[in-house]
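Peer 1: give me a model of this one.
(one chain, ligands or ions: 2)
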Amino acid sequence: MTPASPADPDPAGDEHDDTTPHRLDTPPAAAGDGPVVEVHGSSGIAFQLGGSHNTQHIHQPAPPPPIPRGSDLPRDIAEFTGRHDELQRLVETAQAGRTPLITIHTVDGMPGVGKTALATRAAHLLTDRYPDGHRFVRLNTHTTTPAQPATVLAELLRSLGIDPRNIPDSIDERASMWRDRLAGRRMLLVLDDAATAAQVEPLIPANRECLVIITSRRRLLDLDGARPLPLAPMPPDQAAELFVRLSRRTPTPGDQPAIDKAVDLCGHLPLAITILAARLAVQAAWTITEFVDEVAASQDRLGELEAGDRAVNTAFDFSYHHLGPDLQRLYRRLGLHPGPDTDPYATAALDNIPHDLARRRLRELHTLHLIDEPAPRRYRLHDLLRHYAHIHTHHDPPHERDQALTRLLDYYTHTAQQADHHLTHTPLHISRCRPRPGQHPGRPGFGAAADG
Ligand SMILES: Nc1ncnc2c1ncn2[C@@H]1O[C@H](COP(=O)(O)OP(=O)(O)OP(=O)(O)O)[C@@H](O)[C@H]1O
Ligand SMILES: [Mg+2]
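Peer 2: Ligands and ions are numbered 1, 2, ... in the order given. Okay, here's the model as predicted:
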């Protein structure tokens, strides 16, 4: 859920002692060389320029009071595989040194694509750079118990050692106390499974020394200053490597086609690969090829991708149930589309809605990572999400499904005739295929011909 209180409030035992001078990171100076820089606790900096008689005092703010440190990151993932470029992007900003503003990364992607795994791995790689602690906040948006920002802030403040009686009631006051306590601190914060920018905004520290990694199934377009890192399913070679590692097999070269097929059936989605490999790992009597052939022959692809408490279906359910009824209906109907991708015009016909509305709804599904946009205005469902949508169309009355498909096919027939007419000046003759106004392709020439 939310952050646990760190078990070890000050493991190094190095609370600031205001009377002891601390040396900053300067090379050792020989006697008589200068300058030697010393920090006198709250009193300021003393430059000693080669001799005791030449000392200047420059006052600077006192170091912030100590806070409990510690880490509540989940354990690192032993079998973490691939994602080299993405890790590099997350880690390099921390290595680049001081930035003018706080660094915020948003890792967004479809359910089960590996956002939490990536953020966790990156956080472990970065722990040394954030000595004031690491907090992993489970916002749990896609569970039955989503966390409220005010509650999360209260727990974060308690994790800093603040007495619950001193935690203010309002979310704004809690947020400013949180920011205040982190001033001058280097803390790493992972906000996992965020719903919206508004939800995470109050949790983000203000100072540039902190690093925040947010994961979300939604593209957080309205989070100011964030660096988006959209995460796609794995490239085929990484997917195959992950499958082999998790299935605990030592494949022969002859197994490679079966391995490639297995990760194809998983749509290269890490969650699906993890589940399928876990199933293979406990089926010692099966060869890889026998196992994969059996899975491929199944009529119920999503049913194959379940193991124990984990299921691709369940991960998709949480996204689908977050949609309003209109988006759910549109999404189901996209599962009826027989082609590899669609555009707003075809979608308008399929869902019997105006073109502009179809465009907006496709954009919304894209923001939620439920469809991809491989080319401008071309939208495509991930293989497993297409199965999921298709299964859900069976919740609709058969005549509605038939009508949706008929509208779509009419639209394509009409469009093909328009193109033919435009290119060859063949007369238009099947007027019943003409979609209603607003649903035909409105490109110059096309629309005019259609209306003529
Ligand atoms: N690069 C990887 N190497 C090894 N395992 C991975 C990798 N990426 C993901 N996994 C595994 O795949 C499964 C799904 O990953 P993860 O939970 O990170 O997905 P997610 O995108 O956060 O999903 P959700 O949208 O449900 O939060 C987990 O078991 C995770 O450990
Ligand atoms: Mg996650």
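
Peer 1: okay, now His399: neighbour count?
Peer 2: 8 (other Cβ atoms under 10 Å). C-beta here means a position set from N, CA and C on the backbone, and glycine is covered the same way.

Peer 1: buried stuff in the strand or helix carrying it?
Peer 2: Counting by DSSP states H and E, the secondary-structure element that holds His399 is helix 398-424. For helix 398-424, burial by neighbour count (16 or more other Cβ atoms under 10 Å) applies to 401, 404-405, 407-408, 410-412, 414-415, 417-418, 421.

Peer 1: kindly reformat the residues you listed as JSON lines containing pLDDT.
Peer 2: Written out in JSON lines, the entries for the buried residues of helix 398-424 read as follows (pLDDT from 0 to 100):
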{"residue": "Arg401", "pLDDT": "94"}
{"residue": "Ala404", "pLDDT": "94"}
{"residue": "Leu405", "pLDDT": "94"}
{"residue": "Arg407", "pLDDT": "93"}
{"residue": "Leu408", "pLDDT": "93"}
{"residue": "Asp410", "pLDDT": "91"}
{"residue": "Tyr411", "pLDDT": "91"}
{"residue": "Tyr412", "pLDDT": "91"}
{"residue": "His414", "pLDDT": "85"}
{"residue": "Thr415", "pLDDT": "86"}
{"residue": "Gln417", "pLDDT": "83"}
{"residue": "Gln418", "pLDDT": "81"}
{"residue": "His421", "pLDDT": "77"}
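
Peer 1: any chance you could map the strands in the protein?
Peer 2: Listed in chain order, the strands of the chain (DSSP state E) span residues 21-23, 36-40, 44-48, 55-58, 103-108, 134-138, 188-194, 211-216, 226-230, 306-307, 310-311, 372-375, 378-380.

Peer 1: buried deepest among those, which one?
Peer 2: Relative to the other members of these, strand 211-216 carries the highest mean neighbour count by mean count of other Cβ atoms under 10 Å, namely a mean of 26.

Peer 1: pull the CA atoms of that one into CSV?
Peer 2: Taking Å, rounded to 0.1, in the frame of the first residue of the first chain, the C-alpha atoms of strand 211-216 are listed here in CSV:
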residue,chain,number,x,y,z
LEU,A,211,14.5,12.1,-7.7
VAL,A,212,10.9,10.9,-8.4
ILE,A,213,10.0,7.9,-10.5
ILE,A,214,6.3,7.5,-11.2
THR,A,215,4.7,4.5,-12.9
SER,A,216,1.3,4.7,-14.4
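
Peer 1: just checking: what are the partner strands of it?
Peer 2: strand 103-108 (parallel), strand 188-194 (parallel) (DSSP bridges).

Peer 1: just want the angle from it to strand 134-138.
Peer 2: Relative orientation of strand 211-216 versus strand 134-138 (axes from the mean of the first three to the mean of the last three Cα atoms, to 10 degrees): 20 degrees.

Peer 1: hmm, strand 211-216 in reach of ligand 2?
Peer 2: No. Judged by Cβ under 5 Å from the ion, strand 211-216 and ligand 2 are separated, with a smallest distance of 5.5 Å.

Peer 1: and for that strand, what are the contacting residues?
Peer 2: When contacts are defined by Cβ atoms under 8 Å, 6 or more residues apart in numbering, strand 211-216 is touched by residues 90, 93-94, 102-108, 115-116, 118-119, 122-123, 126, 129-130, 141, 187-195, 200, 204-205, 220, 223, 226.

Peer 1: per-residue confidence for the residue of the chain found nearest ligand 2?
Peer 2: Distance from ligand 2 to each residue of the chain (Cβ to the ion) is smallest for Thr116, at 3.2 Å. Thr116 carries a pLDDT score of 98 in this model.

Peer 1: now the one 3 residues further on
Peer 2: We note a pLDDT of 97 for Ala119 in this prediction.

Peer 1: so it touches Asp193, yeah?
Peer 2: No. Counting by Cβ atoms under 8 Å, Asp193 is not a contact partner of Ala119; they are 10.0 Å apart.

Peer 1: for Gly82, see how far away Arg219 is.
Peer 2: If you measure Arg219 against Gly82 using Cβ to Cβ, to the nearest Å, the figure is 22 Å.

Peer 1: I'd like to know how many residues surround the residue of the stretch 351-452 of the chain found nearest ligand 1.
Peer 2: Per Cβ to the nearest ligand atom, the residue of the stretch 351-452 of the chain with the smallest distance to ligand 1 is His369, at 8.5 Å. Here the number of neighbours of His369 (other Cβ under 10 Å) works out to 23.

Peer 1: ok, Thr274 next?
Peer 2: When neighbours are defined as other Cβ under 10 Å, Thr274 has 22 of them.

Peer 1: and the nearest residue to it once chain neighbours are set aside, what does it touch?
Peer 2: Spatial nearest neighbour of Thr274, chain neighbours left out: Leu246 (6.0 Å); criterion: Cβ to Cβ, 6 or more residues apart in numbering. The neighbourhood of Leu246, defined by Cβ under 8 Å, 6+ apart, consists of 79, 273-274, 277-278, 281.
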